[in-house]
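Engineer: Sharing a model that was predicted from the sequence below.
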Amino acid sequence: MDRISIAGLALGLIAIVGGLVLEGGHPSSLLQVTAFFIVVGGTAGAVMLQSSGEQFSDAMRAARWVFVPPLHEPKKVIARVSGWSQVARRSGLLALESAIEASRQPFERKGLQLLVDGAEPGVLREALELEINAYEARHRAAARVWEAAGGYAPTVGILGAVMGLIQVMENLTDPAKLGAGIAVAFVATIYGVGLANLVFLPIANKIKALVAREVSMREMLIEGLVGIANGENPRSIEIRLQGYLV
């Protein structure tokens, strides 16, 4: 669980609601089902219109990374690579078959399988880099879905505000209906701007940061596997991989 993401979201909400209370307002004034439906529904519709079904699904799945990010244990990866290099140096590449069965990471298993199959270092690097590029492209596309939501939400919020004002103008002779229209107008704008800057854009940036972190760790793994394929000294491989920890 990523505590800083939870704390950041909580702090943002507390700051907004707390500011309203300090100004003498009441939190319930921010609860407008109509405004929420307009902003969230309109934004979701716009995002779905511009995205493929696969991109939209990837974006929804990637959102959970904000609170439950993928495991990031580069030191353990370096330790595993160092162990593999020692086994390969002592017993040959075929001795790494047991490591393939023990690994739970598909990317890691693929690299080890290529290594055991005797792939040339250049071929091994090329195959794994192609997979990294595909992984990065797919998840950056998911991040762009959330970026798009952050761009559409304020505009849809303004649309909701205009709709609320239209209702106000249509009911000038009926004071009982003016309050609801004015509430929708202002709260829709708050929802649009607030969701964009407190939720959608931060999620997009967090996904991009996590993808960059994962790509870096996979590149580190490639360097280790290529070093093993080249028959390099295990200690030299470990020292080079430690450069990724800076």
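Structural biologist: Sure thing, it's come through.
Engineer: By mean pLDDT, which helix or strand of the chain comes out lowest?
Structural biologist: Every helix and strand in the chain was compared by mean pLDDT, DSSP states H and E; the lowest is helix 175-195, with a mean of 77.
Engineer: so where's this protein uncertain?
Structural biologist: Residue ranges of the chain with pLDDT under 70: 171-181, 183-184, 246.
Engineer: domain assignment for it?
Structural biologist: 1-31, 32-245 (automatic domain parsing).
Engineer: Between the two ends of the last one, how far is it?
Structural biologist: In terms of Cα to Cα, to the nearest Å, the two terminal residues of domain 32-245 are separated by 48 Å.
Engineer: before we move on, the earlier item: export the domains of the chain as CSV, with columns for mean neighbour count.
Structural biologist: Any C-beta I mention is one placed from the backbone N, CA and C, and that applies to glycine too. Conversion of those to CSV gives the following (neighbours: other Cβ atoms under 10 Å):
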stretch, mean neighbour count
domain 1-31, 12
domain 32-245, 17
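Engineer: wait, what's in contact with residue 158?
Structural biologist: Taking Cβ atoms under 8 Å, 6 or more residues apart in numbering as the criterion, residue 158 is in contact with 188, 189, 192.
Engineer: Just give me the closest of these to residue 105.
Structural biologist: Minimum distance to residue 105 across those is 40.2 Å, recorded for residue 192 (Cβ to Cβ).
Engineer: Verify the contact between the closest one and residue 157 for me.
Structural biologist: Yes. If you go by Cβ atoms under 8 Å, residue 192 and residue 157 touch, sitting 1.8 Å apart.
Engineer: May I ask which helix or strand encompasses the residue nearest to the spatial centre of the chain?
Structural biologist: The centroid of the chain falls nearest to residue 207 when counting by Cα atoms, centre = their mean (2.0 Å). Here residue 207, judged by DSSP states H and E, is contained in helix 201-229.
Engineer: follow-up on the earlier one: contacting residues around the residue nearest to the residue nearest to the centre of the chain when sequence neighbours are not counted?
Structural biologist: Among residues not flanking residue 207 along the chain, residue 143 sits closest, at 4.2 Å (Cβ to Cβ, 6 or more residues apart in numbering). Going by Cβ under 8 Å, 6+ apart, residue 143 touches 59, 62, 204, 205, 207, 208, 211.
Engineer: next one: residue 214
Structural biologist: Per Cβ under 8 Å, 6+ apart, neighbours of residue 214: 70, 72, 135.
Engineer: So for residue 160, what's the nearest residue that isn't a sequence neighbour?
Structural biologist: Here the residue nearest residue 160, using Cβ to Cβ, 6+ apart, is residue 188, at 2.8 Å.
Engineer: my guess is the one you found contacts residue 40, does it?
Structural biologist: No. Residue 188 is beyond contact range of residue 40, at 10.5 Å (criterion: Cβ under 8 Å).
Engineer: ok, the closest residue in space to residue 63 that isn't next to it in sequence - contacts?
Structural biologist: Once flanking residues are discounted, residue 63 sits nearest to residue 203: 5.7 Å by Cβ to Cβ, 6+ apart. Residue 203 makes contact with 63, 66, 146 under the criterion Cβ under 8 Å, 6+ apart.
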